[in-house]
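Novice: give me the fold of what follows.
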Amino acid sequence: MKKLVSRYLLLCGLILLFFCIPVNLICPSAIAVLREYQEAPGVTRYQSQHSLRDATGYAWQIILFKQFPPDRSPQFILRLVGFPGIVDIAHPQPLEITTSSSKLLTATDLFATESPAPNVAQYNVTDVITQLPQNSFLNLSIPLLENKNITLKIPPSIIIEWQWLATKIE
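Specialist: Got it, this is the predicted structure:
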């Protein structure tokens, strides 16, 4: 009886494996989910949000959003939120962005005078967003207190989503 049950379970497992693997191989990759927010009357924000870990294993929230301020051209803002109590971001230092081809780009610190929390930074990447490489990675060098930096590696999938946000949302 045990032998029969184990063969039945093995057969069921093989059937599931047989049907699941081809479906996973032919399914298209996921499409980016961009969120739309109404910040204030007449001010709309679209954003891409991801969580990544730094080299020490701490999680970071990386949020790129396109903001439409009234009577001004759209802006691209990159908000970085580190692990509370672990990182203290140095203000007003710029964010350094290094492409896979070693091109160095910088973004202005928007919390130069006051940050809502020591682990939060926000940068204007409006001039940088069009210079990001396609199908390649980026390194964000985040300035911390005591002249330290922490680097986040941004994978190509997130960069593609950012570029889609930059070109498709008007």
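Novice: what about the strands in the protein?
Specialist: 35-40, 43-53, 59-68, 75-81, 95-99, 104-109, 120-124, 138-144, 148-154 (DSSP state E).
Novice: how far out from the middle of the chain is the second one?
Specialist: Translated: strand 43-53. Taking CA atoms, centre = their mean, to the nearest Å, one finds strand 43-53 lying 7 Å from the centre of the chain it belongs to.
Novice: check which helices and strands that strand sits against.
Specialist: If you count contacts as 3 or more CB pairs under 8 Å, 6 or more residues apart in numbering; DSSP states H and E, strand 43-53 packs onto strand 35-40, strand 59-68, strand 148-154, helix 156-168. In this view, the C-beta of every residue, glycine as well, is placed from N, C-alpha and C.
Novice: one more time with 7 Å, if that's ok
Specialist: Secondary-structure packing of strand 43-53 (3 or more CB pairs under 7 Å, 6 or more residues apart in numbering; DSSP states H and E): strand 35-40, strand 59-68, helix 156-168.
Novice: pull out the buried positions in that strand.
Specialist: By neighbour count with 16 or more other CB atoms under 10 Å, strand 43-53 contains the buried residues 45-48, 52.
Novice: now swap in the fifth one and tell me
Specialist: The neighbour-count check on strand 95-99 (16+ other CB under 10 Å) flags 95-97, 99 as buried.
Novice: need the residues that contact it.
Specialist: Here strand 95-99 makes contact (CB atoms under 7 Å, 6 or more residues apart in numbering) with 104-107, 123, 128, 133, 136, 138-142.
Novice: run the last query once more with 6 Å
Specialist: Here strand 95-99 makes contact (CB atoms under 6 Å, 6 or more residues apart in numbering) with 104-107, 123, 133, 138-141.
Novice: also the third one?
Specialist: Here strand 59-68 makes contact (CB under 6 Å, 6+ apart) with 44-53, 74-79, 81-82, 152, 162, 165, 169.
Novice: what's the answer for the longest one, then?
Specialist: Contact with strand 43-53 is made by 34-39, 59-68, 152, 158, 161, 165, 169, as judged by CB under 6 Å, 6+ apart.
Novice: of those residues, keep whichever come out buried.
Specialist: Counted by 16+ other CB under 10 Å, those give 34, 60, 62-68, 152, 158, 161, 165 as buried.
Novice: dump those to TSV, plus pLDDT.
Specialist: Putting these into TSV (pLDDT from 0 to 100) gives the following:
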residue	pLDDT
Leu34	68
Trp60	96
Ile62	96
Ile63	95
Leu64	96
Phe65	92
Lys66	87
Gln67	81
Phe68	76
Leu152	96
Ile158	94
Glu161	90
Leu165	87
